[in-house]
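Q: have a look; sequence and predicted model below, questions after that.
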Amino acid sequence: MKKTILCIFFLCAVNSISAQELTWHTDINKAIGISSQTNKPMLLFFTGSDWCGWCIKLQKEVFKKPEFAEWAENVVLVELDYPRKTKLEPALAQQNAQLQQIFKVSGYPTIWFVTPQKNGEQINLQQLGKTGYVGGGPSKWIEVANQFIAKK
């Protein structure tokens, strides 16, 4: 019995550690710089972290799983949050509102896959595709995401 409890505890700890290793950027300009340097597409996660049930479900069922953490090495993760209970810094709230308008996000969660394209002094975000919550766990969600990043 003790061994079973210990095994369960260990597996939960491994899941937790894997999820904590992910780096979610909130500054779009910093993320664009990293994406340009590494030649990786960006995953823009539009979320209502403290109120959106589907966003929380997506986090729990996909983003906090080891399979996703391993796959996420292929992209630059960007979280664009629209919380109701937590107040964002004004610059961050303004950035997120602008991106919400640019990408015409009307529901959460919305995930856009994009690549930065330099056009003189201006940087455009080329849209590869979008998705949201996909049932079936991390493998099904990753299968859908791979279709978009293959367009890069």
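A: Arrived safely. Numbers count the residues shown, from 1 in each chain.

Q: number of residues surrounding Thr23?
A: 10 (other Cβ atoms under 10 Å). The way it works is simple: take the backbone N, C-alpha and C, and place the C-beta from them, glycine included.

Q: now do the one 3 residues further on
A: With neighbours defined by other Cβ under 10 Å, the count for Thr26 comes to 15.

Q: so how far is Asn96 from it?
A: According to Cβ to Cβ, to the nearest Å, Thr26 stands 8 Å off from Asn96.

Q: again with Lys60
A: Going from Lys60 to Asn96 by Cβ to Cβ gives 22 Å.

Q: repeat for Phe45
A: 11 Å.

Q: overlap of the contact sets of these two?
A: Leu80 (Cβ atoms under 8 Å, 6 or more residues apart in numbering).

Q: can you pull out the low-pLDDT segments for this structure?
A: The model of the chain has pLDDT under 70 over residues 1-20.
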